[in-house]
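Asker: I'd like to go over a predicted model; first the sequence, then the structure.
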Amino acid sequence: MVRTRFAPSPTGYLHIGGVRTALFCWLFARKHGGQFILRIDDTDQERNVEAALAPILEGLKWLGIDWDEGPGIGGPHAPYYQSQRADRYRAAVEKLIASGHAYRDYATTGEIQAEREAAQAEKSSFVYSRRFMAETPDDCKRFEAEGRQGVVRLKMPREGVLVLNDLIRGEVQFDWAREQDHVIQRTDGSCLYHLANVVDDEDFEITHVIRAEEHLSNTPRQVFMIQALGYRLPQYAHLPFVAEPGSKTKLSKRKLDKYLKNKDFADLVERGRKIAERIGHPTEADAFNPVIVDFYESVGYLPEAIVNYLALLGWSLDDKTEHFTIQNLIDNFSLERVGKSPASFDCQKLWAFEDRHFQLLPLRKKLELAAPFLRKAGFANASKERIQAVLLAAGDRIKVAGDILAFDEFFLRDGAFPYDEKSLEKHLKKDEAWELLKKFRDRLAAADPFDVPALEKLMHDFTAAENIKTNQIIHALRVAVTGKSVGLGLFDTLAILGKAACLARIERALGMIGIC
RNA sequence: GGCCCCGUCGUCUAGAGGCCUAGGACACUGGCCUUUCACGCCGGCAACACGGGUUCGAAUCCCGUCGGGGUCACCA
């Protein structure tokens, strides 16, 4: 039975790189009919773990990454919070000491630091002298009598080579002598991450440790503990990390300002902001950030699009398949086809995936996704029929659910929507287009039925009678009924609004430029 | 700096000795279509980091160089 795990730390947000790791773990488990476990790395968290965890769990759920054991559902190996497993870790520490694989150490941080610096001065690599290593209970008493406080350190081998077989990297070798005597238990008795990690993976029967590449260098100390404790060695797979847009540096939540200088990234934020502001979603830099998954959910991206994009960031099936449903991904995923080099986050490509997935949605589904945005923006009375008509006419102009708000002219009251000054100037005032508009208004008033084919014919007859080109009237008409110079197809626009609204709006537009 | 990882178009990638005058996608770009915007269609630009080997033949194997990144905590 394959068992993988994702172990987020309760930080209050779900990082896009972290999600990619979680996704790969999850896909691998699902592909092999195995289980995916969620464990919470909160060994150093003080309080508010639940609050800081909520956005993470919510993000995973939104993306469809579900877990078989962990927060909210428990499981046979509960608890799944490291903060609640301290006794397990202490027992492991005792066992390591008893077997001689770890020791109590009474050096102060200053003393360790001094040794480290001395080594650096000599340009040799630091190896702790073990000067304050306690080998017997008497040693402990002696050091403690001096007022020293003890930690527990790993007694790492000082010779030999570790050969690791990574499922993605292949064979990787490490010299044991380069490893430090890492601390595994603090003076206050609490245990550190690496120890906890090893104990939990054993307790939870994790078979495949799939994690980011940054953990590759800490693998030796973990393997050391696993072997010392007599645990079963899991298979390792170290994923390349997700890099900054246009760079190979690891993507970080903290560098928003830097990423904003990247045009594509800034565009992505801007597009999102237009929507977020309309629905009252906070857009402060910290909360509104494409590096955090919540960003996508808040403006109406499709989870399957994000998943599809993320899956291809480091993994590929072949030389042409790009579009995947989640089930497709599960069926085809394999660690063998994960690349080794870091993949940089490409905003435009993400956008393209969103577009493609969104256009494939049936109208019913688009309605379901777009309606809440209208509601949140204050258009509580927008009718289902009207929304559907706009959605249909908009076609791929709407790429994320929140984009429906760009077509608010269909949901605003006839006498209340704003006119774009420049468009008014350019298309209504200039060349006395308003004169044509007045004439056309009269024909419009007589139109019956008021549908797209009839309106097209009406326009055709009008331009023929006036001996003008269509574009001499069409722009003025658009601005008059929508206030904007861009929008849906003109005849769709007129038909959706209906005759009464069109006439009222034309009157109002003429009034705006002083013609009555 | 030590150790480790990585290095194909701007980006994501295909490529596991001849199928590669290196394929696809996004982006960019020329044109067509067109009532705006968008779409669509046709075309274009653009890469094997470098240097040595091995081989009849290398993007693919080996060595070196250079470049990028990660990691070196009583953080996770």
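Answerer: Thanks, I have it.
Asker: rest of the way, CA atoms for contacts and neighbours
Answerer: Noted.
Asker: and the contacts of the helix or strand bottoming out on mean pLDDT in chain A?
Answerer: Least confident helix or strand, chain A: helix A:421-423 with a mean of 81, by mean pLDDT, DSSP states H and E. For helix A:421-423, the external contacting residues (CA atoms under 8 Å, 6 or more residues apart in numbering) are A:479, A:483-485.
Asker: now it: buried residues?
Answerer: residue A:423 (16 or more other CA atoms under 10 Å).
Asker: contact partners for residue A:90?
Answerer: residue A:191.
Asker: the helix or strand harbouring it and RNA strand B in contact?
Answerer: Residue A:90 belongs to helix A:86-98 when assigned by DSSP states H and E. No. Helix A:86-98 stays out of contact with RNA strand B when judged by CA under 7 Å from any atom of the strand, the minimum separation being 11.3 Å.
Asker: picking up where we left off before, name the helices or strands packed onto the helix or strand that the least confident helix or strand of chain A is followed by?
Answerer: Later in the chain than helix A:421-423, the nearest helix or strand by DSSP H and E is helix A:433-446. In this structure, helix A:433-446 makes packing contacts with helix A:452-466, helix A:471-482, helix A:499-512, judged by 3 or more CA pairs under 8 Å, 6 or more residues apart in numbering; DSSP states H and E.
Asker: kindly export helix A:433-446 (C-alpha atoms) in PDB.
Answerer: As requested, the backbone C-alpha atoms of helix A:433-446 are provided in PDB (Å, rounded to 0.1, in the frame of the first residue of the first chain):
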ATOM      1  CA  ALA A 433     -22.700  60.700 -35.200                       C
ATOM      2  CA  TRP A 434     -25.500  61.700 -32.900                       C
ATOM      3  CA  GLU A 435     -27.600  62.700 -35.900                       C
ATOM      4  CA  LEU A 436     -27.400  59.200 -37.300                       C
ATOM      5  CA  LEU A 437     -28.000  57.900 -33.900                       C
ATOM      6  CA  LYS A 438     -31.300  59.800 -33.600                       C
ATOM      7  CA  LYS A 439     -32.500  58.500 -36.900                       C
ATOM      8  CA  PHE A 440     -31.600  55.000 -36.100                       C
ATOM      9  CA  ARG A 441     -33.300  55.300 -32.700                       C
ATOM     10  CA  ASP A 442     -36.600  55.900 -34.500                       C
ATOM     11  CA  ARG A 443     -36.200  52.700 -36.600                       C
ATOM     12  CA  LEU A 444     -35.200  50.900 -33.400                       C
ATOM     13  CA  ALA A 445     -38.400  52.100 -31.800                       C
ATOM     14  CA  ALA A 446     -40.400  50.400 -34.500                       C
END
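Asker: contacts for that helix, please.
Answerer: Contacts for helix A:433-446 (CA under 8 Å, 6+ apart): A:427-428, A:458, A:462, A:472-473, A:476-477, A:499, A:503, A:506, A:510.
Asker: one more time with 7 Å
Answerer: A:427-428, A:473, A:476-477, A:503 (CA atoms under 7 Å, 6 or more residues apart in numbering).
Asker: mind putting those residues into CSV with distance to RNA strand B, neighbour count and pLDDT?
Answerer: As requested, those are exported to CSV (distance: CA to the nearest atom of the strand, whole Å; neighbours: other CA atoms under 10 Å; pLDDT from 0 to 100):
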residue, distance to RNA strand B, neighbour count, pLDDT
A:427, 11, 22, 78
A:428, 14, 25, 74
A:473, 9, 21, 89
A:476, 10, 28, 90
A:477, 9, 28, 92
A:503, 18, 20, 94
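Asker: any idea which of those residues is closest to residue A:308?
Answerer: Nearest to residue A:308, judged by CA to CA, of those is residue A:477 at 41.5 Å.
Asker: that closest one and residue A:417, how far apart?
Answerer: Note on residue A:477: its distance to residue A:417, by CA to CA, to the nearest Å, is 15 Å.
Asker: one more: residue A:63?
Answerer: 37 Å.
Asker: counting neighbours, go ahead and name the busier of those two.
Answerer: The residue with more neighbours, out of residue A:63 and residue A:417, is residue A:63; 19 against 16, by other CA atoms under 10 Å.
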